[in-house]
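Q: Next one to model:
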Amino acid sequence: MSELFGILSDGTEVHRWTLERAGVRARVLSYGGIVQSVEVPDREGRTAGVVLGFADLDGYLRHPEPFLGALIGRYANRIAGGRFPLDGRTYALARNDGPNSLHGGDGGFDKRVWDVTPVEHGVRLSRVSPHGEEGFPGRLEVAATYTLDGTGALRIAYEATTDAPTVVNLTNHSYWNLSGSGSAGGHELRLAASRYTPVDAHLIPDGAPEDVSGTRFDFRRPRKTGAGYDHNFVLDKGVTPAAEEVAELHDPASGRVLTVATTEPGLQLYTADHLGEPFAPGDGIALETQHFPDSPNRPDFPATELRPGRVYRSETVYGFSVRR
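A: Now for the predicted structure:
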């Protein structure tokens, strides 16, 4: 089911699609591929929204920086210096995060209107990113399919092809708050990650991944996150052909549990310390499944190159349950 959600200044219509199955309701926007809301029951059967979002289009236009619920590309996370080499040539990108390029630049996928096609139990969003968009090479045909499966899990499956060598790293930037309101600081997080990537002052990976043992980055057993995280965790499973569970977020107050399964090798934990108005720091927790930040400049990291004749594929599954 779709409805008009708003109109951009150039007259382009933005539509909202509602998916509903197995007690879960999710709303997706054609603007930015945004997951505007996900509603799930708590242990008492009371339903509440568990992702941060705005009630109208104007909210997203006035507050673009948090990337609330957005589809991020062409490159999720940071590329150092807004530059990367590929096949002997250096490509310059928009520097929209100090000296770095962040989440695809000033006009990333989160600020584009996508074509939407209904599919069984969901929608398929697609667009063509032209050669040179935000400095990235290659004409990229990209699609993201959002569906609810029989358990009510939200699946996002990405795919892309290119006509020239390029780099691709896609993710969803939802902020989760399983309480439905207030702070997410009481949530407990478990990550299947024995290493993380330490970063410099600009949040660029600095050196090789390090062991989490004995550090505040050890979430191998569930514990509260607290604040101060904007870091990539190296998932123990690596890149996999099918999505495997890598994270669990639990809210003891409501009993709600979120599980995250993915094909990706990394997960960026962001505790929303700088979320910005109208939200308070820590109102949500972002769990961004992706390849590592600055991979195009780090040949020791899993590769993010995409070449003609190959298909980029990635899938992340958000499962919902309750704990008594």
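
Q: CA-only coordinates of stretch 159-166 in PDB, if you can.
A: Provided in PDB are the C-alpha atoms of stretch 159-166 (Å, rounded to 0.1, in the frame of the first residue of the first chain):
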ATOM      1  CA  GLU A 159      22.400  -5.500  -5.900                       C
ATOM      2  CA  ALA A 160      24.300  -3.400  -8.300                       C
ATOM      3  CA  THR A 161      26.100  -3.500 -11.700                       C
ATOM      4  CA  THR A 162      28.500  -1.100 -13.300                       C
ATOM      5  CA  ASP A 163      29.800  -0.300 -16.800                       C
ATOM      6  CA  ALA A 164      33.200   0.700 -15.500                       C
ATOM      7  CA  PRO A 165      35.400  -0.200 -12.500                       C
ATOM      8  CA  THR A 166      34.100   1.500  -9.300                       C
END
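
Q: and it, which residues are buried?
A: 159, 160, 161, 162, 166 (16 or more other C-beta atoms under 10 Å). Quick note: C-beta positions are derived from backbone N, CA and C, even for glycine.

Q: Quick one: list the elements packing against the strand or helix carrying the third one.
A: Think residue 161. Using DSSP states H and E, residue 161 maps to strand 154-162. Contact partners of strand 154-162 among helices and strands, from 3 or more C-beta pairs under 8 Å, 6 or more residues apart in numbering; DSSP states H and E: strand 140-148, strand 305-306, strand 312-322.

Q: Kindly export the first one (C-alpha atoms) in CSV.
A: Written as CSV, here are the backbone C-alpha positions of strand 140-148 (Å, rounded to 0.1, in the frame of the first residue of the first chain):
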residue,chain,number,x,y,z
LEU,A,140,25.9,2.2,-11.5
GLU,A,141,22.5,0.4,-11.8
VAL,A,142,21.4,-0.3,-8.2
ALA,A,143,18.4,-1.8,-6.5
ALA,A,144,17.4,-2.5,-2.9
THR,A,145,14.5,-4.8,-2.1
TYR,A,146,12.7,-4.5,1.2
THR,A,147,10.5,-7.4,2.3
LEU,A,148,8.9,-8.8,5.4
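
Q: Which positions within it qualify as buried?
A: Using 16+ other C-beta under 10 Å as the test for burial, strand 140-148 gives 140, 142, 143, 144, 145, 146, 147, 148.

Q: how about JSON lines for the buried residues of stretch 159-166, with pLDDT and distance to residue 102 added?
A: Listed next are these as JSON lines, based on pLDDT from 0 to 100; distance: C-beta to C-beta, whole Å:
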{"residue": "159", "pLDDT": "98", "distance to residue 102": "23"}
{"residue": "160", "pLDDT": "99", "distance to residue 102": "20"}
{"residue": "161", "pLDDT": "99", "distance to residue 102": "25"}
{"residue": "162", "pLDDT": "99", "distance to residue 102": "21"}
{"residue": "166", "pLDDT": "98", "distance to residue 102": "18"}
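
Q: Could you pull out the strands in the stretch 1-150 of the chain for me?
A: Along the stretch 1-150 of the chain, the segments classed as strands by DSSP state E, counting those that start in this stretch run 2-7, 13-21, 24-29, 35-41, 47-49, 71-72, 78-79, 83-86, 89-92, 101-102, 115-119, 122-129, 140-148.

Q: Quick one: closest of those strands to residue 313.
A: Across the strands of the stretch 1-150 of the chain, residue 313 has its closest neighbour in strand 140-148 (10.4 Å, C-beta to C-beta).

Q: picking that back up, make JSON lines from the strands of the stretch 1-150 of the chain and add mean pLDDT to it.
A: Formatted as JSON lines, the strands of the stretch 1-150 of the chain follow (pLDDT from 0 to 100):
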{"stretch": "strand 2-7", "mean pLDDT": "98"}
{"stretch": "strand 13-21", "mean pLDDT": "98"}
{"stretch": "strand 24-29", "mean pLDDT": "98"}
{"stretch": "strand 35-41", "mean pLDDT": "98"}
{"stretch": "strand 47-49", "mean pLDDT": "98"}
{"stretch": "strand 71-72", "mean pLDDT": "98"}
{"stretch": "strand 78-79", "mean pLDDT": "98"}
{"stretch": "strand 83-86", "mean pLDDT": "98"}
{"stretch": "strand 89-92", "mean pLDDT": "98"}
{"stretch": "strand 101-102", "mean pLDDT": "98"}
{"stretch": "strand 115-119", "mean pLDDT": "98"}
{"stretch": "strand 122-129", "mean pLDDT": "98"}
{"stretch": "strand 140-148", "mean pLDDT": "98"}
